[in-house]
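S.K.: sequence isn't available, so here's the structure alone:
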């Protein structure tokens, strides 16, 4: 068969599935073992009662050294391209040519996909939640029989563990909507949920894909590197920094697509950012006031228009930083960020992400450098004879550690 998966890759996938056999510990429990090292400015794993370091984020130990990459080919206009074969790609690692050993389409027909939806249902996200849940349910309907999906919330809760049961997934999405518009909202611990997902949920999955829908406002509650902590915030700050999360993302095999609800500030001029900041602030406060039955809509919006620019500047700075961080996480993994500026865009965004996932290729090779030194290695994948094409995918990986 033209795109038949190699026997070696099938064996790798079997090993990955087998590694899941032990019963999963309570979701989020690995985060409780992290402690902030003020001197090293990094989160460290606390030792267990027996004196050994707990194994919450151990790297999966396997005999194979196959390096696998999930890539999308784009033309000069940014349109995705298909119709390629194994022989169309050239791969190099640290500038040394590598031989492609495994090749497959990414549409789920050969390699099963493990998809995690991390969804923020805190108060600021209410305007987008209804449409986003419907879009997620449509995505569920489009999954192949081989695919499995899990749902995680910003409460650091595993709402649904990996399953192929589409009815179960949609039922839980409906229950989340009911909860959000009832008496319970999320805790805005989105980065904590992402960190737990990477450390506990997807580390041994076959082809991990994460849809991360959030405005990322937990960023202000992570350890501030090189900055003084705000007085009174000591007990509210997590024992890990954004850099810890960034490093965990970089070491993972997951491809992340970030969906950022709210008006886009990233990439806009200062004047445009300020104008949009008013919209962001108005959306957030209006959502919360409407929920609590306070102040008529028109009166509230009129008051917002009269506020001076200086009133919005702190929020603008924080929101811009949050968007850059959330988008950067996706870019690091070879995914991309989408801005959900109006609720009606949710269906198109989810459809666009799934279409991109389906049009990807899975490329694997055995590194010529067999040293298991745990070092970062740079990878370049190209389409032969087409320097104008751009490859969207991870551009590095960490070698395994241990004896050869």
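M.R.: It's in. What you see is a predicted model; the values in this text were computed from it and never measured.

S.K.: residue 42 pairs with what?
M.R.: Beta-bridge pairing for residue 42 (DSSP bridges): residue 37.

S.K.: all helices of this protein, in order?
M.R.: Applying DSSP state H to the chain gives helices spanning 7-18, 126-142, 166-180, 190-196, 242-251, 270-292, 297-306, 309-333, 346-358.

S.K.: buried ones in the third one?
M.R.: Put plainly, it is helix 166-180. Neighbour counts over helix 166-180 (16 or more other CB atoms under 10 Å) mark 166, 169-170, 173, 176-177, 179-180 as buried. C-beta: built from backbone N, CA, C; applies to glycine.

S.K.: which one of the helices of the chain is the most hemmed in?
M.R.: Among the helices of the chain, helix 190-196 has the highest mean neighbour count (mean count of other CB atoms under 10 Å), at a mean of 26.

S.K.: what lies in contact with that one?
M.R.: The contact list for helix 190-196 (CB atoms under 8 Å, 6 or more residues apart in numbering) reads 27-28, 30-31, 118, 120, 152-157, 210, 212, 214, 216-219, 222, 238, 240, 242, 244-245, 248-249, 329.

S.K.: quick one: distance of that helix to the chain centre.
M.R.: 9 Å (CA atoms, centre = their mean, to the nearest Å).

S.K.: and of the helices of the chain, who's closest to residue 397?
M.R.: Relative to residue 397, the nearest member of the helices of the chain by CB to CB is helix 242-251, separated by 8.2 Å.

S.K.: what's the angle from the closest one to helix 309-333?
M.R.: With axes from the mean of the first three to the mean of the last three CA atoms, to 10 degrees as the basis, helix 242-251 and helix 309-333 are set at 30 degrees to each other.

S.K.: that older thread, and the helices of the chain as a markdown table, adding distance to residue 372 and mean pLDDT?
M.R.: Formatted as a markdown table, the helices of the chain follow (distance: least, CB to CB, whole Å; pLDDT from 0 to 100):
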| stretch | distance to residue 372 | mean pLDDT |
| --- | --- | --- |
| helix 7-18 | 16 | 44 |
| helix 126-142 | 38 | 96 |
| helix 166-180 | 38 | 96 |
| helix 190-196 | 26 | 98 |
| helix 242-251 | 15 | 95 |
| helix 270-292 | 47 | 72 |
| helix 297-306 | 58 | 69 |
| helix 309-333 | 23 | 90 |
| helix 346-358 | 31 | 97 |
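
S.K.: relative to residue 94, which of these is closest?
M.R.: helix 242-251 (16.4 Å).

S.K.: give me the contact list for that closest one.
M.R.: 42-43, 57, 59, 191, 194-195, 198-199, 219, 222-223, 225, 256, 325, 328-329, 332-333, 396, 398.

S.K.: is it possible to export the helices of the chain to TSV including distance to residue 37?
M.R.: Formatted as TSV, the helices of the chain follow (distance: least, CB to CB, whole Å):
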stretch	distance to residue 37
helix 7-18	32
helix 126-142	37
helix 166-180	36
helix 190-196	16
helix 242-251	10
helix 270-292	35
helix 297-306	43
helix 309-333	22
helix 346-358	37
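
S.K.: nearest to residue 365, out of these?
M.R.: Per CB to CB, nearest to residue 365 of the helices of the chain: helix 7-18, 10.9 Å.
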